[in-house]
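**Q** How does the following fold in three dimensions:
(chains A and B)
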Amino acid sequence: MSLKIDNLHASVEDIEILKGLTLEIPKGEVHAIMGPNGSGKSTLSKVIAGHEDYEVTEGSVTIDGEDILEMEIDERSRAGLFLAFQYPHEVPGVSNANFIRAALQSRLPDGEEIDAVAYYKDLYAKMDELEMDRKFTGRSVNEGFSGGEKKRNEILQMMMLEPKYCIMDETDSGLDIDALRVVAKGVNAMRSPDRGFLVITHYQRLLDYIVPDVVHVLYDGKIVKSGEKDLALELEEKGYDWVKTELAAA
Amino acid sequence: MSTTLTKPEMSAHGEWVSEPLRRDVGAELPDWYQQIQADSWHNFLETPEPVRKDENWRFADLKKIRFERINPVGSLNEQGSFVERFRSNRVDSAIGHCLFANGHLIESDFSQLPDDVIACEINEALANHSELVKEHFMQDPARLGSQKFAALHGASTLCGVFIHVPKNVVIDGVIEIHHVNSGENTGIFPHTLIVAEANSKVSVFENFETAGKGDSPITVGMVDLDARDGGKIQYASFQNNGPNARHMQINASRVGRDSAVKNCFVNLGSMWVRNEAVSRMMEPGADSQMFSANLANGTEEYDQRTLQLHEAQHTTSDLLYKNALYDDARTIFSGLIQVGKGAHHTDSYQTCRNMLGSDTAEANAMPGLEIDADQVKCSHGSTSGPISEEEIFYLMARGIPAERARRMISLGFLNEVIQRLEGDDVKEFIFGKVEAKFRAI
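**A** Now for the predicted structure:
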């Protein structure tokens, strides 16, 4: 049981960004991807989620053996995939509570309605965990939220939807240390043998709070190095040039 | 071979009406009002029909108002079904209400309003509160292009409500005025006159619908809102007529010292709608909020003309008009902020946003600004574009199917306007209707 990415090639406007990326995240594990700017980190998350700007030219992505590249964006989500956005979008006029409710509703069979009382109880409990004010249920999705509030809101959605595989795209960007701690607490509470995480980040700092099982280095559209959590520290210390030099030598 | 000469197609329209559309209202109307009716009829005959080269009718499809004939409403013989319809389609929590069917008052209940509030049918008010009505009635001439319509309105038998809220009386809850109209090209002339005296407050919801899909009433309504010395008025018009109706409303707000008027139009139905709104900020501290949420599809045309008139120092106004357009629908927004001589420290905003749900929908926007004062903060602008693909992606990435995602975003787009209203009952009512129309598109 895993999220499996095999020899993935993807382009945007005919420019190849991912050049044969292979990666497997078994359930129960947290994998981190680190890489310099332009290495393809955000492309990877968007391709897996199904963004239309990216064209997959080769390779496969499966979750628990099921090909998701053939699925629509929404089907991928319902199949158990979750992308925490680096820049969550604002949706004016749609309240946060209705948004999350619609997402949950989409997972139910036709004719079945969400129990509103149970839903709010669950929502409030999870907001308390994330130290989010109740007022965020009535406010429009992400509109006027600070950077930290937006990221908490992503984690709230993740907690409510209980996905099988979570991809976190630079969740640490724009977060101060307090927000980072709260967000990490939420993620850590969700770690379980039934769930896999792919944490994409530019900085090692996040990995002090969400400690990964495996660290991968993404460079020029491929995974060029994998190791245990100490690899992140080594990268932080030596910088990405170290990887480039090593590659050049090889 | 012989050729048949046909006459060049003359303007295919008739003369609208050949005599004023009047009937006995069972009340003795005061002389001053009868004079207005007579003068209006004269003006109606003298005033030419709108032409497109008139700036006030730019982009308008005038074919939609080439009236062959505007018919009288006649008598009413199916009152029962109207009442039933109203009961199933009203704001249940309204503190007072009245129902008109084709301009006839069917029922009203204002018994829960505070004692010293006057709330009654407009003809009754003309008869019983003549001087008070005279002071506020049609004080501002139509000035955004609809002079001929306003004249016809003034000449005809009106239906509608007069509400006078005395000093320091705050009405908690909303008053609903409900119109159900039917017939073929029937002329309906609603007139709503609301006066809020010092530090009083009132909220009115006016709801228009047609009895059946095939009905084609021609409504020419006027609304006078007059708030003074800290008085507050919220007026929301909700129009959900059938597809053959034509609907015009000409609203005039007079906002006095430290007073506030909210004027809102929501349109979901009718083949043609024209909403004109003029807000005059007449004394320091006056505040006007003008907003509108419209969902147009098919070949519907919604024409919006506004004027924010700052006449005194330290006045504020804010305008937000939003149109969601589908199929071959058209909207026209033309708005002007006018800061008069000496109206220093004016704070005035105007925004029109159009969301295009199809390639063939057409949104025209003509924002405008004229400033003749100092230390003024003003901004105006308009945007038009399709639903953001990135927003759709975000919702779909949470499992929401594309179709539903689009609907949620569009509904949210209009909901932003609805949420500016006060009163959860009114907001919920309108939101539910807007949602239902989105479902049907």
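**Q** burial count for the residue of chain A found nearest chain B?
**A** Distance from chain B to each residue of chain A (C-beta to the nearest C-beta) is smallest for A:Gly93, at 3.0 Å. No exception for glycine: its C-beta is placed from N, CA and C like everyone else's. By other C-beta atoms under 10 Å in any protein chain shown, 23 other residues sit near A:Gly93.
**Q** That one: what secondary structure?
**A** strand (DSSP: H, G, I helix; E, B strand; the rest coil).
**Q** quick one: B:Ser358 and B:Leu325 touch, right?
**A** Yes. At 7.2 Å, B:Ser358 counts as touching B:Leu325 under the criterion of C-beta atoms under 8 Å.
**Q** Looking only at neighbour counts, state which of the two leads.
**A** B:Leu325 (24 against 14).
**Q** pLDDT at the residue nearest to B:Asp215 when sequence neighbours are not counted, what is it?
**A** Once flanking residues are discounted, B:Asp215 sits nearest to B:Ser182: 4.4 Å by C-beta to C-beta, 6 or more residues apart in numbering or on different chains. As predicted, B:Ser182 sits at a pLDDT of 91.
**Q** Look up the residues forming beta bridges with A:Leu23.
**A** A:Ile5 (DSSP bridges).
**Q** Tell me which residues touch it, please.
**A** The contact partners of A:Leu23, taken as C-beta atoms under 8 Å, 6 or more residues apart in numbering or on different chains, are A:Lys4, A:Ile5, A:His31, A:Ile33, A:Leu198, A:His216, A:Ile223.
**Q** contacting residues around the residue of chain B found nearest chain A?
**A** Distance from chain A to each residue of chain B (C-beta to the nearest C-beta) is smallest for B:Gly412, at 3.0 Å. Counting by C-beta under 8 Å, 6+ apart, B:Gly412 makes contact with A:Val91, A:Pro92, A:Gly93, A:Val94, A:Ser140.
**Q** Surely the second one touches B:Glu416?
**A** Yes. Shown here, A:Pro92 and B:Glu416 form a contact pair, counting by C-beta under 8 Å, at 5.1 Å.
**Q** what pairs with B:Cys378 across the strands?
**A** Going by DSSP bridges, B:Cys378 forms beta bridges with B:Ser348.
**Q** So the residue nearest to B:Asp215 versus A:Ile25, what's the distance?
**A** Counting by C-beta to C-beta, to the nearest Å, the gap from B:Ser182 to A:Ile25 is 65 Å.
**Q** Which residues are in contact with B:Val255?
**A** B:Ala227, B:Val261, B:Ser279, B:Arg280, B:Met281, B:Met282, B:Glu283, B:Ala286, B:Asp287, B:Ser288, B:Thr315.
**Q** partner residues bridging B:Gln239?
**A** B:Phe208, B:Asn267.
**Q** Quick check: residues of chain A near chain B?
**A** Residues of chain A lying close to chain B (C-beta under 8 Å from any C-beta of the partner chain) are A:49-52, A:72-74, A:76-78, A:83, A:85, A:88-94, A:98-100, A:102-103, A:106-107, A:140, A:157, A:161.
**Q** Show me just the buried residues among those residues.
**A** A:49-51, A:73-74, A:76-78, A:83, A:85, A:88-94, A:98-100, A:102-103, A:106, A:140, A:157, A:161 (16 or more other C-beta atoms under 10 Å in any protein chain shown).
**Q** Which of those residues fall in helices?
**A** Mapping these onto helices (DSSP state H) picks out A:49, A:73-74, A:76-78, A:98-100, A:102-103, A:157, A:161.
**Q** who's in contact with A:Val214?
**A** A:Glu29, A:Val30, A:His31, A:Ala32, A:Ser226, A:Gly227, A:Glu228.
**Q** Select only the buried ones of those residues in PyMOL?
**A** In PyMOL, this line selects whichever of the contacts of A:Val214 come out buried by 16+ other C-beta under 10 Å:
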select buried, chain A and resi 29+30+31+32
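**Q** Would you mind putting the contacts of A:Val214 into JSON lines with secondary structure, pLDDT and distance to A:Gly38 alongside?
**A** What follows is the contacts of A:Val214, written out as JSON lines (DSSP: H, G, I helix; E, B strand; the rest coil; pLDDT from 0 to 100; distance: C-beta to C-beta, whole Å):
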{"residue": "A:Glu29", "secondary structure": "coil", "pLDDT": "96", "distance to A:Gly38": "27"}
{"residue": "A:Val30", "secondary structure": "strand", "pLDDT": "96", "distance to A:Gly38": "25"}
{"residue": "A:His31", "secondary structure": "strand", "pLDDT": "97", "distance to A:Gly38": "21"}
{"residue": "A:Ala32", "secondary structure": "strand", "pLDDT": "96", "distance to A:Gly38": "18"}
{"residue": "A:Ser226", "secondary structure": "strand", "pLDDT": "94", "distance to A:Gly38": "20"}
{"residue": "A:Gly227", "secondary structure": "strand", "pLDDT": "94", "distance to A:Gly38": "22"}
{"residue": "A:Glu228", "secondary structure": "coil", "pLDDT": "93", "distance to A:Gly38": "26"}
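**Q** Nearest to B:Asp347 among the contacts of A:Val214?
**A** A:Ala32 (50.6 Å; C-beta to C-beta).
**Q** wait, that closest one sits on A:Leu207?
**A** Yes. With contact defined as C-beta under 8 Å, A:Ala32 counts as touching A:Leu207 (5.6 Å).
**Q** intersection of neighbour lists for those two?
**A** A:Val199, A:Thr201, A:Val215, A:Lys229, A:Ala232.
**Q** what ranges do the helices span in the stretch 101-250 of chain B?
**A** Ranges of helices in the stretch 101-250 of chain B, per DSSP state H, counting those that start in this stretch, are B:122-128, B:130-136, B:147-155.
**Q** For these, state which one has the densest average packing.
**A** Scoring the helices of the stretch 101-250 of chain B by mean neighbour count under mean count of other C-beta atoms under 10 Å in any protein chain shown gives helix B:147-155 as the most buried, with a mean of 24.
**Q** For the stretch 301-441 of chain B, which segments count as strands?
**A** B:301-310, B:316-325, B:330-339, B:347-356, B:362-371, B:377-386 (DSSP state E, counting those that start in this stretch).
**Q** out of those, deepest packed?
**A** strand B:301-310 (a mean of 26).
**Q** what's that one packed up against?
**A** Contacts defined by 3 or more C-beta pairs under 8 Å, 6 or more residues apart in numbering or on different chains; DSSP states H and E place strand B:301-310 against strand B:272-281, strand B:287-296, strand B:316-325, strand B:330-339, strand B:347-356.
**Q** Rebuild those as TSV, extending it with mean pLDDT.
**A** Below are those laid out as TSV (pLDDT from 0 to 100):
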stretch	mean pLDDT
strand B:272-281	98
strand B:287-296	98
strand B:316-325	98
strand B:330-339	98
strand B:347-356	97
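**Q** Buried residues, the helix or strand bottoming out on mean pLDDT in chain B. List them.
**A** Within chain B, no helix or strand scores below helix B:79-87, which has a mean of 75 by mean pLDDT, DSSP states H and E. Neighbour counts over helix B:79-87 (16+ other C-beta under 10 Å) mark B:Phe82, B:Arg85, B:Phe86 as buried.
**Q** All set, thanks.
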